[in-house]
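J.: Provide a 3D model corresponding to the input given below.
(2 chains)
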Amino acid sequence: MTALFALAPVGPLAAAQVLGAVLLATVGVSLLLPRPRGRAVGLGVFLTIAAGVVAVGFVATSFGGRLATGDLPALVEQGLFWLFSVTALVFGVVLIVQANPARGALAFAFVVLSTCGLFLLLAAPFLMAATVIIYAGAIIVTFLFVLMLSNAKGPSDENDRSREPLLGSLAGFAFAGLVFLTLYLTAGRAADAPPSLLPAAAIRPEDKAELLAAAAELKQAADPATAKDVVGRLGYAAQARITAVVGAATGEYSQYSHGRTLQDRLRPAETDYRTADIIRQADELRRLKKAASDALENAILDPSPDVAPLQARLTELREKTLLLAGRGELPARNVTAVGHALYSEYLIAVELAGTLLLVATIGAVAIASRKGVTA
Amino acid sequence: MITVWHYLAVGAALFGLGLVGFLTRRNFIKMFLCAEMMLQGVVLNLLAFGKLHGDLGGQVFGLFIVTVAACEAGLALALFLTLYRRGKTLDSGAWQSIREAKVPASVDADPLRRTFEVPDPTLTPAGRRPARTEDEVRV
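T.: Next up is the predicted model:
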C-alpha cells in the first residue's frame, strides 16, 4: 500500500479522506448488517453517515464542489445532482442492511428512481423512461416472489444472518475506495487542472500546445524562404492537428460522427417533417463553421493568439453541432437520435440483444416449469 | 460545477454498495437486487462518458445493459423458484454442499433468537348465550 502511494502522486489529504471513508463505511455497515445477536443501530448509522460526509468531502475537494453562485442553471444542476446521488446512496445502504426483503425491494425502487434522475441530468431521457418502466416491472415481480416464497414467521437464516459482515463490507468498500483513488489520479489535482466540463471543454492546455505547434508549422510554411519543401507536408499536418483538436467544429471529417461529414449526417433527417427547421439550422451551422475556421486561421498565424474568444466561438459551434445531431445539452431529439443510432450503427447488436432475450425467455420457462423435482 | 468525475464517483459508490450487499447478504432475492444496483452504477458510468464525448454510444450501451439485466432477472427468478422448490428456503447458505473441494463449511454459530409470539388477548365468554327468538329477517 505504501509502495503504491509512493509510486502515485496521491495527495495526503485525498488518501486520508478515501481511507477514512472506507474504514468508517466498513465498520458502520458491518454493524448495521443483520445478525442474530442484534445489531448496533445507533453507532452503525452514525459511522455510516460520517463515512458519507467524508466521501462527499473527498468528491467536493478533489473534483470541485464550489457552488455556482449567480449562474442559476448550473446551481439547479448542482442541487439536483447532489439530491439524486445522496438519495440513491442512502437508499442503497438501506437496501443492504434491511432485513426484510420486501422493504429492501422498496428501497431498491427509490435507488432506481434516483439513478433515473441522474440519467436525466446526463441528457438521456429515453434511457430514463426505459429504466423506470423495466425496473418497475422487475420490482413488482420481486414483490410477488417475496410474498410467495418467504415465510414471514420469525427470524430466518436468509434474512437475519449475514455472511462475513466485516470482511464482505471491507471488500466492497475497499474496491470503491480504489476506484475513487484511480479517479483522483486520472482527474489530476482538480485545484490546478482545469475542470473537464460536460461536454468537454473545446480547448484544453495540451490542445492549446498542439494548436501553437501547428501555428508554428503554418508560420514556417507561410515564410517564402522555407515554404517550398514544407508547405505541403507541414500544412496538411497542421490541418490534421487542428481537426483532431477541434473535432466536429472545423474539419471536413468529424471524429464524433464516425468519419462522416455533417451533411451526410444530416441527410437522413431530410425526409423528416421538420425539414425546413433542420435545413435552416444546418445553414446557420455552416456559416458559423466558416467564420470559426477563418478566425482560427487568423489566430494561428498570429504569434501570440488570443485564445479566449476563439474558444468561446468553437464551444458555441460544437454545441450547435451537437444540438443539431440531437446529442447536445438540450436533448430535444434524443429519442430520434437514439433510434437512428440503434438501427444504423448498432443493428447487429440489436439483433443479438433480441436473440438473447428470446433465449433467456425460453431458458426461464424451461427452468421454472420443471415439476416434481425434490431434494 | 458538476464534472464527469462526480458521476463516475457516484457510479463507483453504487457499485461498491451493491458489491457489499452481494457478498454479505444470504437471501437470493436480496443478492439479485444488489446485483441490479451494481448494474445501475455501470450504466451511470457509460452515460457520463457518453455525454463527455458528445456521443450516443454510451446511451446505446446503457440500453443493452438494461436488456441484459432483464434477461438476467428472468433467469435468476426462475432459478430461485427451482431452488426454493428443492430446498424450501431462499438461503444461499443452504446450498453450500456444492462448494469447491477443500473449502471448509461455514457454520452458523449463534442461534437465531426465536421470538415467541404472545397470542392476541380474547375475552372469556361470560353469562349464557342468548337464545334466538326472533324470526329470520328476509330481505
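J.: can we go C-alpha only for contacts and neighbour counts from here?
T.: Noted.
J.: how about the contacts made by the residue nearest the centre of chain B?
T.: Against the mean C-alpha coordinate of chain B, by CA atoms, centre = their mean, the closest residue is B:Lys30 at 2.5 Å. With contact taken as CA atoms under 8 Å, 6 or more residues apart in numbering or on different chains, B:Lys30 is in contact with A:96, A:101, A:104-105, B:21-22.
J.: what of A:Val112?
T.: Going by CA under 8 Å, 6+ apart, A:Val112 touches A:88, A:131-132, A:135, B:37, B:40.
J.: for the helix or strand where A:Leu147 lies, buried residues please.
T.: Taking DSSP states H and E as the definition, A:Leu147 sits inside helix A:125-149. Of the residues in helix A:125-149, those with enough neighbours to count as buried (16 or more other CA atoms under 10 Å in any protein chain shown) are A:125-128, A:131-132, A:135, A:138-139, A:142-143, A:145-146, A:149.
J.: which of these sit farthest apart?
T.: Taking CA to CA as the measure, the buried residues of helix A:125-149 span a maximum distance of 35.6 Å, between A:Pro125 and A:Leu149.
J.: okay, A:Ser62 and A:Phe119: tell me how far apart.
T.: Spatial separation of A:Ser62 from A:Phe119 under the definition CA to CA, to the nearest Å is 23 Å.
J.: other SSEs contacting the longest helix along chain B?
T.: For chain B, the helix that runs over the most residues, judged by DSSP state H, is helix B:57-87. Applying 3 or more CA pairs under 8 Å, 6 or more residues apart in numbering or on different chains; DSSP states H and E, one finds that helix B:57-87 contacts helix A:125-149, helix A:334-344, helix A:347-368, helix B:28-52.
J.: how about a cut-off of 7 Å?
T.: The criterion is 3 or more CA pairs under 7 Å, 6 or more residues apart in numbering or on different chains; DSSP states H and E, and the helices and strands that helix B:57-87 contacts are helix A:347-368, helix B:28-52.
J.: shaky segments in the chain?
T.: Let's take chain A. Applying pLDDT under 70 to chain A flags residues A:1-10, A:151-152, A:188-282, A:305, A:307, A:311, A:315, A:318-333, A:371-375.
J.: my question was about chain B, not that one.
T.: B:115-116, B:136-139.
J.: go again with 90.
T.: In the predicted model, chain B carries pLDDT under 90 at residues B:1-4, B:50-57, B:74, B:77, B:81-98, B:101, B:103-139.
J.: now distance to A:Glu77 too, for the helices and strands packed on helix B:57-87, in TSV please.
T.: As requested, the helices and strands packed on helix B:57-87 are exported to TSV (distance: least, CA to CA, whole Å):
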stretch	distance to A:Glu77
helix A:347-368	33
helix B:28-52	14
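J.: buried deepest among those, which one?
T.: Of those, the one with the most neighbours on average (mean count of other CA atoms under 10 Å in any protein chain shown) is helix B:28-52, at a mean of 24.
J.: now do it: distance to the chain's middle.
T.: A distance of 15 Å separates the centroid of the chain from that of helix B:28-52, by CA atoms, centre = their mean, to the nearest Å.
J.: check the burial of A:Val79 by counting its neighbours.
T.: Check again: residue A:79 is Gly, not Val. The local packing count at A:Gly79 equals 13, with neighbours defined by other CA atoms under 10 Å in any protein chain shown.
J.: whoops, A:Leu167 was the one
T.: A:Leu167 sits with 16 neighbouring residues when counted by other CA under 10 Å.
J.: surely it forms part of a strand?
T.: No: assessed with DSSP: H, G, I helix; E, B strand; the rest coil, A:Leu167 is helix; it does not lie in a strand.
J.: near chain B too, which of the buried residues of helix A:125-149?
T.: With CA under 7 Å from any CA of the partner chain as the criterion, those include A:Leu127 near chain B.
J.: out of the buried residues of helix A:125-149, flag the one nearest to B:Gly57.
T.: Within the set of those, A:Leu127 lies nearest B:Gly57; the separation is 12.3 Å, counting by CA to CA.
J.: which ones are touching that closest one?
T.: A:Leu127 makes contact with B:59, B:63 under the criterion CA atoms under 7 Å, 6 or more residues apart in numbering or on different chains.
J.: for B:Val42, see how far away it is.
T.: The spacing between A:Leu127 and B:Val42, counted by CA to CA, is 14 Å.
J.: who's in contact with B:Gln96?
T.: Neighbouring residues of B:Gln96 by CA under 7 Å, 6+ apart: there are none.
J.: mind running it again at 10 Å?
T.: Contacts for B:Gln96 (CA atoms under 10 Å, 6 or more residues apart in numbering or on different chains) come out as B:103-106.
J.: now swap in A:Leu121 and tell me
T.: So A:Leu121 contacts A:77-78, A:80-81, A:84, A:115, A:128, A:329, B:47-48 (CA under 10 Å, 6+ apart).
J.: state the distance from it to A:Ser30.
T.: With CA to CA as the criterion, A:Leu121 and A:Ser30 are 33 Å apart.
J.: domain parsing for chain A?
T.: For chain A, the structural domains run A:2-187, A:205-332, going by automatic domain parsing.
J.: from A:Ala60, how far out is A:Phe108?
T.: A:Phe108 sits at a distance of 26 Å from A:Ala60 (criterion: CA to CA).
J.: which one's more surrounded, these two?
T.: Neighbours were counted for A:Phe108 and for A:Ala60 using other CA under 10 Å; A:Phe108 has more, 26 against 16.
J.: in the helix or strand harbouring that one, which residues are buried?
T.: According to DSSP H and E, A:Phe108 maps onto helix A:101-121. Neighbour counts over helix A:101-121 (16+ other CA under 10 Å) mark A:101-102, A:104-121 as buried.
J.: likewise stretch B:124-137?
T.: For stretch B:124-137, a neighbour-count test (16+ other CA under 10 Å) marks nothing as buried.
J.: centre of the chain to it, how far?
T.: The mean C-alpha position of stretch B:124-137 is separated from the chain mean by 52 Å, CA atoms, centre = their mean.
J.: before we move on, what SS does B:Ile2 have?
T.: Each residue gets one of three states, and B:Ile2 gets coil by three-state DSSP.
J.: how many neighbours does the residue nearest to it when sequence neighbours are not counted have?
T.: Leaving aside its chain neighbours, B:Ile2 sits nearest to A:Gln78 (6.3 Å; criterion: CA to CA, 6 or more residues apart in numbering or on different chains). Under the neighbour criterion other CA under 10 Å, A:Gln78 is assigned a count of 19.
J.: how about B:Val4?
T.: Around B:Val4 there are 24 other residues, counting by other CA under 10 Å.
J.: and what of B:Leu14?
T.: Number of residues near B:Leu14 (other CA under 10 Å) recorded here: 28.
J.: wait, does the strand or helix carrying it make contact with chain A?
T.: Assigned by DSSP H and E, B:Leu14 belongs to helix B:4-24. Yes: Helix B:4-24 comes into contact with chain A (CA under 10 Å from any CA of the partner chain), by way of B:4-24.
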